[in-house]
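Engineer: Quick one: sequence and predicted model below, then my questions.
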Amino acid sequence: MGHNQLDIGHTAEIKQTQMKGREVRTEDFVLEKNIFNNIFGKDIRRVFIYKKAERLAKVIHLITPAFTESASLGGRIDAIVTGLVDAAILPSGETRTALSRELLALSSVLSIARTGGLLSAMNADLITREAHMLLQEVAAYEEPRLSLEESPTLSGIAKKISQASPSHPTPALSKRAISVHSARGGKGHIKDTESNSGIKDRRDAILSVIKDKGRASIKDISTHIRTVSEKTIQRELLALITLGIVSKQGERRWSTYSLA
């Protein structure tokens, strides 16, 4: 093997860092709530693709010393390293095209480097294998299509009523009956009765996800039913457990659900 050819082997584990007085693994930063919601739209598959792109970028970076004799190829490989990470955080509609473009460029650079003796066959094959796995994930990715309307809250209903103009009376709520019941102390409260069809739609969607996966967490379900909050999903799961349709395994964040 030439002096400028490297054997990469397995990538080193990411070291742990200290953040705000608590131990946090740097690879978990991608799952911080704001990033998971705003960048990846609560889609765990996009997070998985991002992590694979990041892993590939790190592997490529380890071989950059092999390109010291070719400044042009070295500059191109550096651009691909940053391009992979940049492409993986684009909106879902653009990620597939951008990642595919970077992977195509990587394939060409690896072929040139291998032919020119800059890169060993073992290293080229290792990177090619990682790139092919990422390309398969990108090609198989489909954006979640299921979307259910979130249940209106009492405050939201009250706000709509208060904002209604006298000349344009509030339409009758066909799916929600609002009734005022007097308590013993003379105080009234608004009772919000949700329609059976809305509940059925949500529960059918939850059961469909569980059936497809075999066993799913609330986070798994929320990535497919993206416009319904995790709290609502948890409430429906508890109801399905009570009905004997779903069973629960584990506790708290490790809880998973399967068909009973």
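Structural biologist: Yep, that arrived. What you see is a predicted model, and the numbers here were worked out from it, not measured in a lab.

Engineer: mind listing the helices for the stretch 51-200 of the chain?
Structural biologist: 71-88, 92-115, 121-140, 154-163, 196-213 (DSSP state H, counting those that start in this stretch).

Engineer: could you say what helices and strands the first one packs with?
Structural biologist: Just to be clear, that refers to helix 71-88. helix 44-62, helix 92-115 (3 or more CB pairs under 8 Å, 6 or more residues apart in numbering; DSSP states H and E). From N, CA and C alone the C-beta is placed, and that goes for glycine too.

Engineer: May I see the ones you listed organised as TSV, with mean pLDDT and distance to Glu236 added?
Structural biologist: What follows is these, written out as TSV (pLDDT from 0 to 100; distance: least, CB to CB, whole Å):
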stretch	mean pLDDT	distance to Glu236
helix 44-62	89	20
helix 92-115	89	26
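
Engineer: Tabulate those helices (a markdown table), appending distance to Ile233 and mean neighbour count.
Structural biologist: Output for these, formatted as a markdown table (distance: least, CB to CB, whole Å; neighbours: other CB atoms under 10 Å):
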| stretch | distance to Ile233 | mean neighbour count |
| --- | --- | --- |
| helix 44-62 | 14 | 19 |
| helix 92-115 | 22 | 17 |
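
Engineer: For Ile221, which of these is the nearest?
Structural biologist: helix 44-62 (10.7 Å; CB to CB).

Engineer: Identify all contacting residues around that closest one.
Structural biologist: Contacts with helix 44-62, where a contact means CB atoms under 8 Å, 6 or more residues apart in numbering, come from 6, 8, 11, 27, 30-31, 36, 40, 77, 80-82, 84-85, 87-89, 92, 95, 99, 106, 126-127, 130-131, 133-134, 137-138, 141, 219-220, 223.

Engineer: 7 Å instead?
Structural biologist: Contact with helix 44-62 is made by 6, 8, 11, 30-31, 36, 40, 77, 80-81, 84-85, 87-89, 92, 99, 127, 130-131, 133-134, 137-138, 141, 219, 223, as judged by CB atoms under 7 Å, 6 or more residues apart in numbering.

Engineer: Ok, stretch 203-223 next?
Structural biologist: With CB under 7 Å, 6+ apart, stretch 203-223 has contacts from 42-44, 144, 146, 148, 224-225, 230, 233-234, 236-237, 240, 246, 255-259.
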